[in-house]
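Trainee: Just the structure for this:
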Amino acid sequence: YTSGLVFFLMIRRPPRSTLFPYTTLFRSIALRMNLASAVMGALSVTLVYLIVHELGSFKLFALLAALSSVCGHLFLEQSLGSEAYIFNAVFVLGVFFLIVRRQPIWMLAGFLTGLGFGIHYLILAVIPIFAIKLLIFRIYRKPRQLVLLGLAVMIGLSCFIYLPLRAIKDPPVNWGTPHKLENFIGHVKRKQYKILEFKQLVTIADKLLYLKEFGKQTLKQYHDLLVLVLLSFVFYFARRKIPWETAVLFLMAGPGIIMLLQFKFEILNLTRMQTYYLPAFLSLTIFIGPGLSQLQFWLRKVPYHKALIAFLFIAYLVFLFTINSKDNNFRNNYLGYDFAGNMLASLPRDAVFFTEGDNKTTPFCYTLLVENRRPDIKVFDRSRNLFSDIFRYFRRLSGVRQKTSNIEIEKYLVDHYIKDRPVFYSLRPDIK
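Mentor: As a prediction, this is how the structure comes out:
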C-alpha cells in the first residue's frame with residue numbers, strides 16, 4: 001500500500017510520509033519501501049555507533065553498542081516493514097549526533113529537524129536538547145547564526161510544499177485535500193488525528209499503566225543488556241560526568257510521549273503507542289558503550305579481556321536476535337495480498353464496492369492502483385480517505401445540505417446513478 005502511494009505520488013495521512021515520495025529510487029514496487037526501511041535501519045545503527053564513539057567510548061565498544069540496537073524487537077519490526085517510525089528514528093538520532101558533538105553542526109541539525117517534521121512530529125523528542133545546547137553555546141548572542149539556523153529549519157520544512165502541489169492533481173489517494181490553505185494547515189497539524197491522540201478522556205491511572213507497560217516493553221527489547229545500561233552510570237559517576245543529553249532523549253521519547261498524548265489505556269492504543277517508543281529504545285543502546293567500558297575497567301587484569309568481552313557480548317546478541325526476530329519474519333505472509341485478490345475474484349464484472357477500514361481498504365488500493373487488476377470495478381471508501389470522495393463531490397455539485405448523512409447520500413447514489421451495476425459492501429452493522 002505504501003509502495004503504491006509512493007509510486008503514484010499520493011497524499012498519505014498527515015504528516016508522516018511527506019518525505020516518502022522522495023524515496024522513489026527503485027522501479028520495483030515490491031522492494032521499494034521495505035528496502036528503504038532496511039536502509040534507514042542500517043543508518044540508525046550507524047548513527048548509534050557515531051554517537052557512542054563521540055561520547056567517549058572505544059571504537060570496539062561503540063560498535064558493540066550499535067550492534068545491540070539491531071537486536072531490539074521493535075527495531076526489527078520497523079526495519080522490516082514500510083512505516084514511518086524507523087525514518088523518524090534516523091532523523092532523531094541524526095540531529096542528536098550533530099548537536100552532541102564537541103563542535104555542533106548547527107545548520108545541518110536545523111535542516112534535518114525541519115525535514116524530520118515531514119516524517120513525524122516525534123522529532124519533537126530532540127527539540128529540548130537542541131534548545132539547551134543553543135543556550136550552552138550562547139548562540140542567542142549571535143544573531144546572524146540564529147537567522148541562518150532559522151533559515152535552515154525553514155528549508156527543511158519546505159518538503160511540505162509537495163502536499164498542495166500534488167493535491168491539485170487530485171491523485172487517487174488525496175488525504176485531507178491539502179491544496180486548500182485551511183486543509184493544508186489541518187494536514188500539517190494532524191487535525192484528523194486530534195480526536196485519537198488528544199481528545200480521549202484519560203486519567204492519572206491511564207498514564208501510570210502506560211509507564212508500567214513502557215517498562216515491560218523496554219525489558220522485552222534488550223533483556224539482560226539493561227545491566228550494561230546501569231553500569232554506564234557507574235562509568236559516568238566515576239568520571240564525574242552526567243550523560244544528560246542521552247537521558248533527556250530517553251525521557252522525552254518515552255515517558256514524555258506518554259505524558260503528551262491522551263491515549264486511553266486499551267489494547268488497540270497499546271499497539272499504537274509501542275511504535276512511538278523506537279527512539280527511546282535506541283537511545284538506551286547509547287548507554288551500552290559506557291557500560292562495556294566500565295566492565296572492561298573491572299576486568300582489565302584478565303588476559304585478553306577485551307576479546308573476551310566482545311566474544312561473550314556478540315554470542316548474547318546472536319541469542320537475543322534469534323528470540324526477537326522470530327516474531328518479525330513475514331517472508332511468506334501474503335494474507336493482505338491474498339485477501340484483496342480473493343475479494344476481487346469474487347466480485348462480478350462492473351461491480352461497485354463500498355469498503356471501509358484500513359485492513360480492508362488498503363489491500364484494494366495496492367491491487368487496483370498499482371497492479372491495475374480488475375479495472376472494471378469501482379471502489380469507494382466509506383471512510384473518505386482513499387479513492388474518490390463521492391460524498392464531498394456530491395455535496396458540492398448537488399447543493400445538498402451539509403447535514404445530510406453519508407449513508408443517505410450513498411443510498412441516493414446507488415438508487416439513481418449506479419442502479420444498473422451490482423453493488424457490494426464490506427461488513428458493517430448499519431448496512432440495511
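Trainee: any idea how far Phe330 lies from Ala280?
Mentor: 24 Å (Cβ to Cβ, to the nearest Å). C-beta: built from backbone N, CA, C; applies to glycine.
Trainee: Looking at these two, which is more packed in?
Mentor: A direct count of neighbours by other Cβ atoms under 10 Å for Phe330 and Ala280 places Ala280 higher, at 27 against 12.
Trainee: and the gap between the more buried one and Asn174?
Mentor: For Ala280, the distance to Asn174 equals 34 Å [Cβ to Cβ].
Trainee: center of this structure, which residue is that?
Mentor: The structure's the chain has its C-alpha centroid closest to Tyr85; by Cα atoms, centre = their mean the separation is 2.1 Å.
Trainee: In this structure that residue contacts Thr275, no?
Mentor: Yes. Applying Cβ atoms under 8 Å as the test, Tyr85 and Thr275 come out as touching, 5.0 Å apart.
Trainee: any residues in contact with both of the two?
Mentor: Shared contacts of Tyr85 and Thr275 (Cβ atoms under 8 Å, 6 or more residues apart in numbering): Gln78.
Trainee: pull the helix or strand with minimum mean pLDDT from this protein.
Mentor: Between all helices and strands in the chain, the lowest mean by mean pLDDT, DSSP states H and E belongs to helix 2-7, at a mean of 48.
Trainee: Would you tell me what the next helix or strand after that one is?
Mentor: Following helix 2-7 in sequence order, the next helix or strand is helix 29-54 (DSSP states H and E).
Trainee: what's Leu231 in contact with, if anything?
Mentor: By Cβ under 8 Å, 6+ apart, the residues touching Leu231 are Pro290, Gly291, Leu292, Gln294, Leu295.
Trainee: which residues touch the first one?
Mentor: Yep, that's Pro290 we're talking about. Counted by Cβ under 8 Å, 6+ apart, Pro290 has contacts Val52, Leu55, Gly56, Ser57, Phe61, Leu231, Ser232, Phe235, Tyr236, Pro243.
Trainee: ok, the fifth one - contacts?
Mentor: If I follow you right, that is Phe61. Neighbouring residues of Phe61 by Cβ under 8 Å, 6+ apart: Val52, Ile288, Gly289, Pro290, Leu292, Ser293, Gln296.
Trainee: what does the second one give?
Mentor: Contacts for Leu55 were tallied using Cβ under 8 Å, 6+ apart; they are Val100, Pro243, Thr246, Ile286, Gly289, Pro290.
Trainee: Could I get the phi/psi values of it?
Mentor: Leu55 adopts backbone torsions of phi -80, psi 0, taken as degrees, to the nearest 10.
Trainee: Equivalent analysis for the third one, please.
Mentor: For Gly56, the backbone dihedrals are phi 120, psi 0 (criterion: degrees, to the nearest 10).
Trainee: Not counting sequence-adjacent ones, nearest residue to it?
Mentor: Leaving aside its chain neighbours, Gly56 sits nearest to Pro290 (7.2 Å; criterion: Cβ to Cβ, 6 or more residues apart in numbering).
Trainee: Tell me where the protein has strands.
Mentor: 352-355, 378-381, 423-425 (DSSP state E).
Trainee: Of all these, which one is nearest Pro178?
Mentor: In terms of Cβ to Cβ, the element of the strands of the chain nearest to Pro178 is strand 378-381, at 17.5 Å.
Trainee: ok, how many other residues are close to Leu260?
Mentor: Using other Cβ under 10 Å, Leu260 has 16 neighbouring residues.
Trainee: Report the contact partners of it.
Mentor: So Leu260 contacts nothing (Cβ under 8 Å, 6+ apart).
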